[in-house]
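Student: here is the input, now give the coordinates:
(2 chains)
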Amino acid sequence: MTRKPLVALVALSVGLTAAACTDLLVEDPQGFTTTDTFYKTGADLNSATIAIYNGLRGIQGQANWTTPELASDQSRADNREPNFETKRPDFIAWDASTGPTGGYWNTMYSIITRANLVLSKGPAIETPNAQTKAYNLAEAKFLRAYAYLWLTKVYDGVPLLLSPEEQADPRPVRTPVEEVHQAIIQDLTEAEAELPATWPASDGYGNPTQGRVTKGAAQMALADVYLWRSTYMRKNEWQQASDAAKRVIDSGLWSLNADYLRTFRPSNKGNREMIFVVANSGVNSRTGTIFQLFYYPRDWGLDRGQGGGWGLIHPTTWFWNSYAAGDYRRDGGTDYTSNAAYVTGGCGLSNLCATPLADGPMPYKYKKSDNGANWDISDVDTPLYRYAEALLFYAEAQNELGNAGTAITYLNLIRARSRNGTGTENRPEPANYAGATDPLSVRDAIYMERAWELAFEAKRWFDLVRRDSREPGYWSTSLQTHDPNSTNQGPLATYKKRFPIPQGQISSNPALCQNAGYGGTACGSGVQP
Amino acid sequence: MRFLTTVTGMLVMLGAATAPCAAEWQGDPRPSLDDTLTIALERVSLKDALDEVARRAGVRIAYSRRVVPLEQWVSVRLDAVSVRVALDQLLQGTGAVPTVDRTGQILLVSDAPDGRARRQTGSIGGTVRDAASGTPLLNARVALVGTRFSVETGTDGQYTIADVPPATYRIRARLVGYLPADASVAVQDGQQAVVDLALQPSAIELNPVVAIGYATVRKQDLTGAVASITADEFKAGVAPIVTLTTGLQAKAAGVQVTSNSGMPGAGLRVRVRGTGSISANSEPLYVIDGIPAEQGTASSDPKSNPLMSIDVDGIESIDVLKDASATAIYGARGANGVVLITTRRGQADRNRVTVETSYGFQRVSKTIPVLTGPEFMQLANEAAANASLTLPYTAGQIASAPTYDYPSMMLRTCDTWRYCAAAPQASGSLSFSGGNQGLRYLISGNYAAQDGIEIGSDFRRHGVRLNLDGNVSDRFRLATSLSFTRVTRNAPRVENGSLGNSANGIQAAMQFAPFVAPRDAAGNWIKTSPTTEPVPNPIANALELTDLNTTTRLLGSVSGEYDITPDLRMKSTLGGNFQFNKIHFFAPRTVLDGGVGGAGWIFSEEIRNLTSENTLTYRRALGPGHVDLLGGFSVQTFYGENIRGDGALFPTDETNVYNLGSGAQLLAASSGIGESAILSYITRANYNLAGKYLFTLTGRYDGSSRFGANNKWAFFPSAAVAWRITDERFMRGQSLFSDLKLRLSYGQVGNQAVESYQSLTQLSTAFYTAGGIEIPALAPAARMPNPDLRWEQQTQFNLGFDAAFLDHRVTVTLDHYRSTTKDLLLVVPLPSTTGFTSQLRNIGSVRNRGLELSVSSINMQRPRLTWRSSVNVSANRNKVLNLGIDTALFLAPRTGNFFAPNDIYIVKVGQPLGAIFGYAVNGLWQSGDLCYLTNTAQCTPGEYKIVDQITLDTDGDSIPDAPDGQITAADRVILGYGEPKFYGGLSNTLTYGPFSLDVLLSFVSGNKVVNAGNAYGCAAIGQANERTCVRDRWTPTNTDTDIPRANRSRPRRLYSTFVEDGSYLRLQTLTLGYQLPARWLWGAEAAQLYLTGQNLWTLTGYSGFDPDVNSMGGDGRFGGIDIGAYPRTRTWNLGLSLTF
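Tutor: Residues are numbered from 1 along each chain as shown, chains lettered A, B, ... in the order given. Take a look at the predicted model:
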């Protein structure tokens, strides 16, 4: 009798010991996947490629998007915006430790990491779907090059890391900008060759392909990098820029929408003018964005779900007044239902009204299907390259090559489309270019056309920066005369043309040198041109 | 010193009071041994010395040359001591002892029994009992003071001391947990004197045994550093304790408890001997009735508190294992200390019903006034003007602006009656206990309810407990402990906010535009503060939001214990902790978060951890001592799963979050799962050599699933030795120490408190969209995997002593420790170029060194009046020795972008954790000051005069030697530390007849607190309402001030003016009790009424609500920071305790 409990206890102990000796200590996660079981099939590779596009979403985040917007002479922050940090870019008031200029580093290296993974794992993957595998590798090359292009546009030379093995180095130094550019050009050239001109409806794994990159995107990026090099770096690569842009134009795959505004409408997703975008679903915050909050008027409700936004980005007075009278691209709508490039007043979705808007007109080209009802969901795709820019790239390159006539022809295509208004109008303005045909005058016209046509597409800041290399003072003069906020925090310092390397990155990698003017370790030759 | 003198004086008084007990010797002259004298002799013969003593004290001393070595040289210097002490001192080591004969003459006799026939002897016998219950006491030591005679009582409390030479002796009985009792006894030839002694329980050592993990030991046999807290001390009288950890505050040396905030049920940061880890959880392990039930949380959310669902009602005692010798038995989880909680159990033949109930009210203990409507508008205009911005308000608007006092609206107050119950609090319990030898039981039910001082917030806990003990046979025993609790807590955005538009609760109220009513003319809530930083309306949030947090916890175990032989015992315990956590969150469309159609979510989590502990204990005599062996193994598995469902755009707000399917907006559900396990082999050996030399060896071999494949297992050994010096022969003659024990320990313990799966290469889901469809893809997670992940290893050395003086009236424990944690689990930021942003690594090391002192004393002990005190003081010095990387870690608390740069804490080699990092401000710029900055606009009078640190290397030697004339991030310096220089508590208990008074003071000194709320409250930026301190802002006519001029464009940096001294001295608890007279009790055994006040008075220079604050919760990398923390209350409770 008295032995029974002992037997029971011993049995229990032994049983538990036996159970314990099995693999209790081996982790078998059920809630996520590990790399050990991934990157094995063609579908894995395609998934890893789509993950690169996910990284692209960071570009439309607040710091990354509003910094070049507000810093330019084209836009200013709402005067009621209470947060100094939000207004820093408008005041050209940043340093290495403040957030707005530093976000590109993480965003772009995240894209580069995912692209490098595809490019390193991909070649060994055997799959019956060889076509998609080839496309995936080309997509990765394009996206990697595009990320490096952004990095050089904001920071100059950055560590050029082209494989997971190179990325493993915790202390990479900044590569001279010329080397980075050559790598970009090589990637883009290969991508152009290998990417499809247009995608089939499905990517071979059941996913729709709208928004996947194409030859056209690679050509646009090539034109972009050559133009950047020719202006900012003062290289004479106008011909290469011209050729790349011309290949887009000549492909016959891309065209201007009859209605400028319809280019941006969610109902017109995948239209032939949008060559490269960050796609937003409007379904969920996972693939939505707070992007529209920058542009929807706060007069319509600053609060969540009222139909307004943070109303952050206004045109500067100079820019608002610069349009030709009657330019379709400056029409002001009078309420949230308007189809107009701007709104000047009226009521929002929840019937909060202000006529006129208290702090002036707001851009309204990024009008959402839900008219602002949802705070952090948007279905407007964020434009990165449009066919209109291909025309302007070509015009600019041709002008610099001495062919002002050709340049003006292509410039006028843009104006003609604007005169079409909604597509059937025949407005008098903007009239065809009739000014002087010397290179500088045409250049001025093209730059202004870029400002109007590509307004609020985060292009203007880079135009100011690159042109300043050829015409020193252009950057500071434009800012001072066009945007009084730029000197709010003191006189402009030329070194602010380049953004500082984020201090956090220097802290975790002291081998990184800092851009001139921002303190820290000075860079060796070639890192900054 | 004065304190000791007082105590001695009281002893003398007590001696006088007990004198009548010696009535039967009334005819005798006053015992001459107690006369006092002062004597100083330098190298004289013992004979001369004895003569001198006799002369000075006016006594006769008789001695024999055979017994006393009269020629021996002696030197003494004694001030106002008794003759007895003087003689003890002089005769020390001679083998002679003084006794007094019937004539009052002092005889010096040999202390060795020589058994020679010519010497006659008698004996003494009697019984030692508990004075209160009359129960005979086992193992009490009865000794004749100043002699070798000493025995222990047997089972019936009886003792006999034989062969005692005839004389009058002082006989003393001692037992741990009781005050010693003395009597005088005369022994005559061949006769037995009978002396019965009654011992009064001692409040200071009520608990004679101490839990040490898998066993208990008598406190006197303890070799490690363990702090014990009894139920009485824990509740400081009978103050209602809502959370377990609240009751630990200021109670034990080496245990630092910091409140996260004043919210009911909010977490507390508990640190045993400093923070030993940086990234891993540094909170202690809580073991409840033998089951490792919970670890405090490292969450940076101050609300987070897994311990709030532990029922505090049934706690019998708490033992905190501190040094490596004590904690090594918990091996991989011992590095942060272990808190062992023992709950009450039924006692045989003592059937009882106990009812405890209390009701009380809380009022906010401090308010911080803010600007009025017009004042704020004025400030905003001035700030805009100084920043060259358009003025936001017109003169007319300012003149007509009303004022709404949002902070007052946020708090539960009552204007009508000063002492009304602003926020009520209540608690109660009913317990039945008792049984017989076969089965003992304790059944109880209890509840605790507290309304928060901020509107909308409250806390409720309901619990039941069943503890059973059964003797199945002589050799087999069964026991079970079961506790079931349910906590509900409402916390609608009252805590855990940031600043600016992310502020919650009181911080939001203090920022809200004071000229706007909370509702518009139509009666709708104003959703956000208009024309200022758009902070959501905190009043609307508190009243409209649902944020209901519930936790249901079933914690229990069953165990069987079998005596295989009388010496060999086997015990198996199966236990579990089953927990269900839920959050119901719903924002109706009337508040900001509700959007146009309401939004809400339900989160549901199930956690279970199962434990099986199996031990064998063996005890036997070995050589001259006793050996105790423990061996065993343990398996503990953890499982957790959770699911969250979201919805928005509901047809109505009426259905709250309980009809998610009716929402028009499609939101993805989410779920997760986590599992882990620990396997352990446990061993401990104690060797007790005559109670004088105690040795302990402990080892635990742990395997944890959470670590990399190559590092699953580790062994954690420790060793300790204790030496009871007072039991040594050479200490026998002294009377200063009634106990003195030296302890020395050394060992290694671990910390495994990281999340599961950290060593694996995880892929995270990354979405992209095409054609309106969301496509999930997989991408590497931002954290780099680490297959070599292993434990943090702490090595700790401890040297301490336990001493008791004056017959245990004063006990002192002093410990010095030194611990180094290496292989720290540290999240290291990686350059983004690596493709990862961070990695968890085993690098770096942290050292903690400290001193802990606790002193308890019985200052007064009379039949009707007792006064006991205890004080504990601890000092810990933390230092980061190595980070494994060549840079510092820069850390941003939840203040986010509201500080620029936002990383206002730094972890740096050579510095302690919690180092505050910001800009040193040297007053304000005044006109005429020499501007040292390149941008002279920054020297505008009234702006902060930021010290431009030396950051520029002008001579190329790579050492900065000049300031650069610019204020950049490089100009930041360490502005102070969150760790206090010392902290502790002082408690006093006075009883007078039926009255009792408990007073607990707590103190913390030398720490700095970041008053982050002042970045919005006292920075004169005018972007949101500010505190009245900005009335004193700089203006051309008010230049003698620390508050800068109004300036809308002032960067919101961490200026040194926001870093304040966090020292405080607080009257934490004051309890006045009254024992009701028996005639009122209607058959009850006892009844006590009490009145308790908590947080009654605080002495501090801190300008926020309370310096005992820690908005970053258990995260060890941050010190005390006050991010608009929930305010503290002053509480009064009236209670009744009844026992039948």
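
Student: ok and the residue in the stretch 351-500 of chain A nearest chain B?
Tutor: A:Gly490 (5.3 Å; C-beta to the nearest C-beta). (C-beta placed from N, C-alpha, C; glycine too.)

Student: if I read this right, that residue contacts B:Ala937, doesn't it?
Tutor: Yes - using C-beta atoms under 8 Å, A:Gly490 makes contact with B:Ala937 at a distance of 5.5 Å.

Student: mind listing what residue 248 touches?
Tutor: If you meant another chain, say so; for now it's chain A. A:Gly216, A:Gln219, A:Met220, A:Ala223, A:Trp254, A:Ile275, A:Tyr387, A:Ala390 (C-beta atoms under 8 Å, 6 or more residues apart in numbering or on different chains).

Student: that was the other one, I meant chain B.
Tutor: B:Ile229, B:Phe234, B:Val255, B:Val257, B:Leu268, B:Val270, B:Ile318, B:Val320, B:Val339.

Student: can you give me the distance of it to B:Ala173?
Tutor: 34 Å (C-beta to C-beta, to the nearest Å).

Student: where does chain B dip in pLDDT?
Tutor: B:1-32, B:102-104, B:111-119, B:146, B:176-177, B:202-208, B:236-239, B:415-421, B:886 (pLDDT under 70).

Student: all helices for chain B, in order.
Tutor: B:2-18, B:46-57, B:83-91, B:231-234, B:324-327, B:373-386, B:395-400, B:406-410, B:505-511, B:538-544, B:1014-1017 (DSSP state H).

Student: how about the ones you listed, which one is nearest B:Gln748?
Tutor: Using C-beta to C-beta as the measure, helix B:324-327 is the one of the helices of chain B that comes nearest B:Gln748, at 6.4 Å.

Student: which residues sit against that closest one?
Tutor: With C-beta under 8 Å, 6+ apart as the test, helix B:324-327 has contacts from B:212-213, B:223-226, B:321, B:334-335, B:337-338, B:696, B:698, B:718-720, B:745-749, B:794-798, B:819.

Student: burial of the residue in chain B that chain A sits nearest to, as a residue count?
Tutor: Of all residues in chain B, B:Gly595 sits closest to chain A, at 2.8 Å by C-beta to the nearest C-beta. B:Gly595: 21 surrounding residues under other C-beta atoms under 10 Å in any protein chain shown.

Student: what does it show for phi and psi?
Tutor: Note on B:Gly595: backbone dihedrals following degrees, to the nearest 10 are phi 60, psi -150.

Student: so how far is A:Ser285 from it?
Tutor: Counting by C-beta to C-beta, the gap from B:Gly595 to A:Ser285 is 12 Å.

Student: and if you look at A:Asn509?
Tutor: 32 Å.

Student: do B:Leu826 as well
Tutor: For B:Leu826, the distance to A:Ser285 - C-beta to C-beta - is 32 Å.

Student: more neighbours, those two?
Tutor: B:Leu826 (25 against 16).

Student: how about the contacts made by the residue nearest the centre of chain A?
Tutor: What sits nearest the mean C-alpha location of chain A, by C-alpha atoms, centre = their mean, is A:Ile59, with 4.5 Å. By C-beta under 8 Å, 6+ apart, the contact list for A:Ile59 reads A:Trp65, A:Thr107, A:Trp150, A:Val278, A:Thr382, A:Leu384.

Student: can you tell me which of the residues you listed are in strands?
Tutor: In strands, judged by DSSP state E, the following of the contacts of A:Ile59 are found: A:Val278, A:Thr382, A:Leu384.

Student: in what helix or strand does the nearest residue to the last one once chain neighbours are set aside lie?
Tutor: Setting aside the residues directly before and after it, A:Leu384 is nearest to A:Phe276 in space (C-beta to C-beta, 6 or more residues apart in numbering or on different chains), at 4.5 Å. With elements delineated by DSSP states H and E, A:Phe276 resides in strand A:274-278, which encompasses its position.

Student: turn the contacts of A:Val248 into a markdown table, including neighbour count and pLDDT.
Tutor: Formatted as a markdown table, the contacts of A:Val248 follow (neighbours: other C-beta atoms under 10 Å in any protein chain shown; pLDDT from 0 to 100):
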| residue | neighbour count | pLDDT |
| --- | --- | --- |
| A:Gly216 | 24 | 96 |
| A:Gln219 | 28 | 97 |
| A:Met220 | 29 | 97 |
| A:Ala223 | 28 | 97 |
| A:Trp254 | 23 | 96 |
| A:Ile275 | 25 | 96 |
| A:Tyr387 | 23 | 97 |
| A:Ala390 | 26 | 97 |
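
Student: restricted to strands, list the residues you listed.
Tutor: In this view, those that belong to strands under DSSP E are A:Ile275.

Student: dump the contacts of A:Val248 to CSV, plus distance to A:Gly517.
Tutor: Formatted as CSV, the contacts of A:Val248 follow (distance: C-beta to C-beta, whole Å):
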residue, distance to A:Gly517
A:Gly216, 38
A:Gln219, 35
A:Met220, 32
A:Ala223, 30
A:Trp254, 40
A:Ile275, 35
A:Tyr387, 38
A:Ala390, 35
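
Student: which among the contacts of A:Val248 are in contact with chain B?
Tutor: Taking C-beta under 8 Å from any C-beta of the partner chain as the test, chain B is in contact with none of the contacts of A:Val248.

Student: now, which of the contacts of A:Val248 sits nearest chain B?
Tutor: Looking across the contacts of A:Val248 and measuring by C-beta to the nearest C-beta, the closest to chain B is A:Ile275, at 15.4 Å.

Student: gap between the closest one and A:Lys367?
Tutor: For A:Ile275, the distance to A:Lys367 - C-beta to C-beta - is 21 Å.

Student: helix, strand or coil: sort out the residue nearest to the centre of chain A for me.
Tutor: helix (DSSP: H, G, I helix; E, B strand; the rest coil).

Student: do you know the pLDDT at it?
Tutor: pLDDT for A:Ile59: 93.

Student: and the stretch 401-550 of chain B, which residues reach chain A?
Tutor: B:Val472, B:Ser473, B:Arg475, B:Phe476, B:Gly500, B:Asn501, B:Lys527, B:Thr528, B:Thr531, B:Thr532, B:Glu533, B:Pro534.

Student: narrow those residues to those that are buried.
Tutor: The neighbour count (16 or more other C-beta atoms under 10 Å in any protein chain shown) marks B:Val472, B:Arg475, B:Phe476, B:Gly500, B:Asn501, B:Lys527, B:Thr528, B:Thr532, B:Glu533, B:Pro534 as buried among those.

Student: my read: the second one touches B:Asp563, true?
Tutor: In other words, B:Arg475. Yes - taking C-beta under 8 Å as the definition, B:Arg475 is a contact partner of B:Asp563 at 4.2 Å.

Student: give me the neighbour count for the nearest residue to B:Leu997 once chain neighbours are set aside.
Tutor: Using C-beta to C-beta, 6+ apart and skipping residues adjacent in sequence, the residue nearest B:Leu997 is B:Leu990, 4.4 Å away. Neighbour count of B:Leu990, defined by other C-beta under 10 Å: 17.

Student: check contacts around B:Leu660.
Tutor: In this structure, B:Leu660 makes contact with B:Gly600, B:Trp601, B:Ile602, B:Gly645, B:Asp646, B:Gly647, judged by C-beta under 8 Å, 6+ apart.
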